[in-house]
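Enquirer: What shape does this take:
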Amino acid sequence: MIINTNPGAAMAARILGESSSALQKSLSRLSSGSKIASPSDDAAGTGVAMKFGAQINRIQAAKDNVGNAISFSQTQDGFLGQIGSALDRMSELAMLAQDETKSAQDISLYDKEFQKLDDFITDIKDKKFNGISLFAGNAVSFMGVTVSQNGTTFGANSIDLLGGSTAYNAITNQVLTTAAGAATALGKVKTAISALAADRATIGANMSRLEAESSTLSVLKDNLSSARSRIADVDVAEESANFARQQILVQSGTAMLAQANVLPQSALRLIG
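Expert: Got it, this is the predicted structure:
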């Protein structure tokens with residue numbers, strides 16, 4: 001029987017320390033929701049999860065870019081729809097102005113509405129989206145949209161309403177004051193309607209491609225998030241069971257350490 005060294009207490013203290021450390025890690029995982037409380041828990045997993053996280057953020061940024069491009073295209077189409085309504089009415093007015101039973105005063109009223117609608121179309125040509133011209137297709141042939149985490153771009157075809165040679169600008173100088181002028185104006189309006197149909201088809205194609213890119217990015221982001229979750233996120237059910245186990249070990253270790261510290265006191269009986 002010895003007094004200076006208590007091997008039982010030393011071993012109990014060591015095991016209690018290990019159990020306490022494991023309990024603290026388990027508590028940290030449950031409170032944070034992360035399986036990797038410290039890089040030392042899973043060094044390789046920490047690196048992989050970090051790269052996955054950065055990749056997911058880049059994908060979300062690309063998805064935001066695509067979403068803004070879709071909004072841009074939707075705004076374009078909305079204004080072109082208004083131009084379409086104006087052109088429809090202008091073609092009707094050009095037909096009415098060719099009616100030989102109408103007086104010059106009647107025809108001048110048709111011309112007045114025709115010119116106002118032309119002004120309306122002209123105003124739309126200058127519309128912008130967040131400071132970016134919607135219809136300056138003469139400046140660039142396409143709008144580059146970043147559609148991937150690696151910076152890959154998709155060239156969305158631009159719409160040109162501002163170019164001097166466009167079918168829309170050809171209407172500007174038309175008047176309905178005579179039957180001949182009305183007939184000429186009608187031809188120009190019909191050409192503009194055909195151009196408008198092509199432009200709206202172009203925008204529709206842009207939106208279709210962009211929506212497909214957005215869907216692809218969403219799928220990729222979901223899959224990468226699942227992969228990262230398997231590495232970094234804690235399984236609460238499993239960790240709760242581990243937490244309960246470590247709690248019991250800490251409590252029993254504390255009780256056994258107390259018992260080990262009492263054992264050397266039995267030497268007093270021999271001395272006494």
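
Enquirer: Name the secondary structure element that contains residue 14.
Expert: helix 7-32 (DSSP states H and E).

Enquirer: Just after that helix, pick out the following helix or strand.
Expert: With DSSP H and E, the next secondary element past helix 7-32 is helix 43-96.

Enquirer: coming back round to it: which elements pack onto the helix holding residue 14?
Expert: Under the contact definition 3 or more Cβ pairs under 8 Å, 6 or more residues apart in numbering; DSSP states H and E, helix 7-32 sits against helix 236-262. Heads up, the C-betas are built off the backbone N, CA and C, glycines and all.

Enquirer: what's the spacing between the helix it packs on and its chain's center?
Expert: Here helix 236-262 is found 47 Å from its chain centre; the criterion is Cα atoms, centre = their mean, to the nearest Å.

Enquirer: Ok, stretch 81-97 next?
Expert: Put simply, stretch 81-97 sits 39 Å off its chain's centre (Cα atoms, centre = their mean).

Enquirer: Mind checking the pLDDT average for that stretch?
Expert: For stretch 81-97, the mean per-residue pLDDT is 94.

Enquirer: How many neighbouring residues does residue 174 have?
Expert: 20 (other Cβ atoms under 10 Å).

Enquirer: Quick check, pLDDT for it.
Expert: Per-residue pLDDT puts residue 174 at 88.

Enquirer: quick one: contacts for it?
Expert: By Cβ atoms under 8 Å, 6 or more residues apart in numbering, the contact set of residue 174 is 114, 118, 181, 184-185, 188-189.

Enquirer: Who are the packing partners of the helix or strand hosting residue 109?
Expert: Using DSSP H and E, residue 109 falls within helix 104-125. Applying 3+ Cβ pairs under 8 Å, 6+ apart, we find helix 104-125 packed against helix 43-96, helix 179-232.

Enquirer: Which strands or helices does the first one pack on?
Expert: Here helix 43-96 is seen to pack against helix 104-125, strand 128-129, strand 142-146, helix 179-232 when contacts are counted using 3+ Cβ pairs under 8 Å, 6+ apart.

Enquirer: Quick one: the helices and strands packed on helix 104-125 as CSV, columns for distance to residue 256 too.
Expert: Below are those laid out as CSV (distance: least, Cβ to Cβ, whole Å):
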stretch, distance to residue 256
helix 43-96, 34
helix 179-232, 36
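
Enquirer: picking that back up, just give me the closest of the contacts of residue 174 to residue 252.
Expert: residue 118 (90.6 Å; Cβ to Cβ).
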